[in-house]
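Student: Take a look and give me a structure for this.
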Amino acid sequence: MARQDIGLKATRNIGIIAHIDAGKTTTTERILYFTGRKHKVGEVHEGEAEMDWMSQEQERGITITSAATTCYWNDHRINIIDTPGHVDFTAEVERSLRVLDGALVVFDGKMGVEPQSETVWHQANKYAVPRICFVNKINQVGGDFFQSLESIRNRLSEKSVVVGLPIGKEHDLRGMVDLIENKAYVYEDVYDRELQHTDIPEDMAEDVEAYRNELIETLSENDDTLLEKFLGEEEITSEEIRTALRNATLANEVFPVFGGDARTAIVTHILDAIIAYLPSPLEVKPVEGHAVDTGEDITREADPDGSLAALAFKVVSDPYVGQLVFVRVYSGKMQAGTYVHNTKKGQKERVARLVKMHANSRSEVDELVAGEIGAVVGFKDTMTGETLCGSKEQVVLEQISFPEPVIQVRLEPKSKQDQEKMSTAIQRLAKEDPTFRITSDETTGDTLISGMGELHLDILVDRLEREFGVAVNRGQPQVAYKETITAASNAEGQFIKQSGGRGQYGHVWLRVEPLEEKEESDEDAEFEFKNEIRGGVVPSEYIPAVEKGVKEATEKGVVAGYPMIGVKAAIYDGSYHEVDSNEGAFKIAGSMAFTNAAKQAKPVLLEPIMDVEVVIPEDYMGDVVGDINSRRGVVEDISDVQGMKVITTQVPLAQMFGYVTTLRSMTQGRGLSSMQFRDYQQVPAKIQQEINQG
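Tutor: Residues are numbered from 1 along each chain as shown. This next block holds a predicted model:
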C-alpha cells in the first residue's frame, strides 16, 4: 500500500502524555527509529532528540512545546504529538488532547503515578480519549512494574489491565510476555532492532496465568460471548481477546498496560498496540458544534467529502514562513490556495500553503482531509480554539478552555530600541500561548507578564531575548491574586456631564452577587451579566455598553486592584436622556455602578493554592513537614514509595517561591517536589491586610 493511499481507517492520531521525565520523548524517538522515520537514535539527555527541537528544550533536557510528526507501521499512518510533562506547559497537553483520538500514557516505573500523571489523565477523561499505558524505566534501580500498576489502579482506573508483562526487573529486565498470544519475547542488547521469540520463563508461569485470566475476566464484563466461554472454561482464541480488548479500549472501559524499557524493541509491541487498540478517526464520536446561522446543535462526521470543519489548536511563529497555524480537519477537505471562514471572527482567511510537520521541519501538501493534522501558512488573525469551515453550512466547534495564569513578573526594556521591539514580540508570543497574558501597571507604566509558573516565564523571557533580540530587566515573580465578592449588593451609577452643546447622560442601577459554583464543563463562568430592564427605561441599544463597562471594571478590583472573578451582575433600572444619552456615557455609568456595588458586597482577595507533592527520605520527615506548616500548608496524605516518604499537601503559591532550593538544603539534595495549580481560595484576613499595605 502506497503511503499516500492510506485512508482514514488505517490512520491513528495519538498523543504521548506523562509526568515530566517519565520518558515520553525517548519513547517517541524510538518509535521514529523503529518505524524508519529516523536512522539514528537521539538521546534526550544529550540534547539530540529530534522532537525537542527548541534550543531551550535541548539545554534543559525537557519538552516545552508539543511537537507533531508522522510515521508508518504495518501499512498504517500514525500521526503523533509529543507533549510536555512539566505542569507549567499543561496548556500544550490540553490543546493536543482536544484534537487527538487516542493517547499513550507513559509512567516512570520508579515512581508510578505522579502529580502530572493524574493531571494529564483527567485531561484525557475530559475529552474521552482512549488510552494505552506504558510503565517505562523499570530497567532502572527502583523500577517496579507491579507497584506502578497498583498506583495506576488506585489513583487512575481500576480497569487498567496488563497486556505486556515484563520479564525481569531493574538491570535484569530482558523482555516481555504478550498475555494475549501467551508468548515471550526477549532481547540481548538494548539496541537490538528485533525481539527474539522464546519460551515463557518457568518462574513466571503462575504470574502469566493469573494476569491472563484477570485480563479475560475483565474483558468478559463487557463482552457476553467472552463471558460465556470464560464461565464454561472453553478455549478463547487470541483473536477473540484482541477484538474484545479493542472494543473495551475504544469505549474507555479498560486501559491496556505494558511494561518495559522505552529504549528497546519493546516499543514495536507498543506500535502494534496503538494500531490494534486505539481508534481511527472513523471510530471516534462525531465532533460537536453549533450552526452559525441558527445556533442549532450539530455534529460533523469524519467524511472527506463532507462540508469543511477544522479546528485551529496551536499557533507558532516560524522564523522561515511566518505564522504557522496547526489545524485538525474533522470533516471535508482544506486545500492550498483557497479561502476558509473563521466562524468566531466572521471573516475569511486565505490558505496560502499547507504543510505536514516533523518537529520543526515541514513538507508541503496540496490538501488536508478529514482526520488529518497539519499546519497552515498564510493565516493572519486565526487564534487557538477557532473554527474554520467553508462558505456553506458554517459551524462553530467547541472551544478549548485553558487555566488562568497564577504568577507574574514585571518587564522593563533595557533601551528605547528594545522598548519598540518588545511590544511586537510579546504580542506574538501571546498569540502562540493562550496561558500567557500581558497587562500594564497603570501606576508605573510597567509591563506585567503572567504565566503558569516560574519556568514558563523563564522560557518566555529567554525567547524574547533569543528569538526577537529584546533585552529586558525583569522583577521578582509575583502571585497573580484575584478578587471576588461574598455578598449581594445594589448600587447606582450616574454619569452626567453638561458642557456647551450636546452633553453626556448615562444612569443605571446594578445588582451584584456571587456567581454560583460553576459546572466542570463551564470553564468560562467567571463573570455573568444579565439584562433585567423592563419597559424600556434604558433602551436596549445601550445595554451592551453597560456590560462592557462592567467587564472593564472587573479587570481592576476594589480590594487591591486585582481582577475580579465569580461575579454576577444584573442591570434592573436606570434612565436615559433623549438627546444626551450615548453608548460611551452608559459604559462609564455601568463601570461606576459596578465599582460602587462591589465595594459594598464584602469583597475579598483570593490566592492560588497549589497541590504540592514532596518525595523525601524518612529521616527528614519532621523538618520538611514543619517547614510545610510554616508556609500555611495543609498536609493531606503521607505514603511510602520505593522506601521514600511521599507527602501530599496544599500550599499557597505565595509561600512556595524558592522552595526547591530550601528542600534540597533540608534533605542534603535528596528531596524532590512537584507543584501544580489546584484552585483559588480566600486569603486569610491578616494576610490580606498585609498585601493591601504592601
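Student: check contacts around Pro413.
Tutor: Counting by C-beta atoms under 8 Å, 6 or more residues apart in numbering, Pro413 makes contact with Gln419, Lys421, Met422, Val470, Ala471, Val472. All C-beta atoms are positioned from the backbone trio N, CA, C, and that covers glycine.
Student: Can you point out the helix or strand that includes the first one?
Tutor: Translated: Gln419. helix 416-432 (DSSP states H and E).
Student: Give the next helix or strand downstream of that helix.
Tutor: Next in sequence after helix 416-432, counting helices and strands by DSSP H and E, comes strand 437-440.
Student: returning to that earlier point: for PyMOL, write a command that selects the buried ones of the contacts of Pro413.
Tutor: One line in PyMOL is enough to select the buried members of the contacts of Pro413, burial here meaning 16 or more other C-beta atoms under 10 Å:
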select buried, resi 421+422+470+472
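Student: Format the contacts of Pro413 as a markdown table; extra columns: pLDDT and distance to Ala103.
Tutor: Output for those, formatted as a markdown table (pLDDT from 0 to 100; distance: C-beta to C-beta, whole Å):
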| residue | pLDDT | distance to Ala103 |
| --- | --- | --- |
| Gln419 | 80 | 43 |
| Lys421 | 85 | 39 |
| Met422 | 85 | 38 |
| Val470 | 86 | 37 |
| Ala471 | 86 | 40 |
| Val472 | 85 | 37 |
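Student: Check the secondary structure at the residue nearest the centre of the chain for me.
Tutor: Per C-alpha atoms, centre = their mean, the C-alpha nearest to the average position across the chain is that of Glu94, at 2.3 Å. Assigned by DSSP: H, G, I helix; E, B strand; the rest coil, the conformation of Glu94 is helix.
Student: just the one 3 residues further on next, same as before
Tutor: Applying three-state DSSP to Leu97 yields a three-state assignment of helix.
Student: Contact partners for Tyr680?
Tutor: Each residue near Tyr680 by C-beta under 8 Å, 6+ apart is listed here: Lys482, Ile565, Leu606, Glu607, Pro608, Ile609.
Student: now do 7 Å
Tutor: For Tyr680, the residues meeting the contact criterion (C-beta atoms under 7 Å, 6 or more residues apart in numbering) are Lys482, Leu606, Glu607, Pro608.
Student: number of nearby residues for the last one?
Tutor: The local packing count at Pro608 equals 22, with neighbours defined by other C-beta atoms under 10 Å.
Student: And it, how close does it get to His122?
Tutor: Pro608 sits 18 Å away from His122, taking C-beta to C-beta, to the nearest Å as the criterion.
Student: Now the helix or strand hosting Thr218: buried residues?
Tutor: Of the helices and strands defined by DSSP H and E, Thr218 is found in helix 205-220. Burial within helix 205-220, assessed by neighbour count using 16+ other C-beta under 10 Å, is assigned to Asp207, Val208, Tyr211, Arg212, Leu215, Ile216, Thr218, Leu219, Ser220.
Student: Any chance of the residues you listed in TSV with pLDDT and distance to Glu516 as columns?
Tutor: Conversion of those to TSV gives the following (pLDDT from 0 to 100; distance: C-beta to C-beta, whole Å):
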residue	pLDDT	distance to Glu516
Asp207	94	52
Val208	94	53
Tyr211	95	47
Arg212	93	50
Leu215	94	45
Ile216	92	47
Thr218	93	40
Leu219	93	42
Ser220	91	44
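Student: For the stretch 301-450 of the chain, just list every one of the strands.
Tutor: Under the criterion DSSP state E, counting those that start in this stretch, the stretch 301-450 of the chain contains strands at 309-318, 322-331, 333-335, 339-342, 347-350, 353-358, 361-365, 367-369, 373-377, 387-389, 395-397, 407-413, 437-440, 447-451.
Student: and these, which one's lowest on average pLDDT?
Tutor: When the strands of the stretch 301-450 of the chain are compared by mean pLDDT, strand 361-365 comes last with a mean of 78.
Student: Now do it and strand 353-358, the angle between them.
Tutor: What separates the directions of strand 361-365 and strand 353-358 is an angle of 140 degrees, with axes from the mean of the first three to the mean of the last three C-alpha atoms, to 10 degrees.
Student: Any idea how far strand 361-365 is from the middle of the chain?
Tutor: In terms of C-alpha atoms, centre = their mean, to the nearest Å, the gap separating the centre of strand 361-365 from the centre of its chain is 26 Å.
Student: Next: stretch 396-408.
Tutor: The chain centroid and the centroid of stretch 396-408 are separated by 9 Å under C-alpha atoms, centre = their mean.
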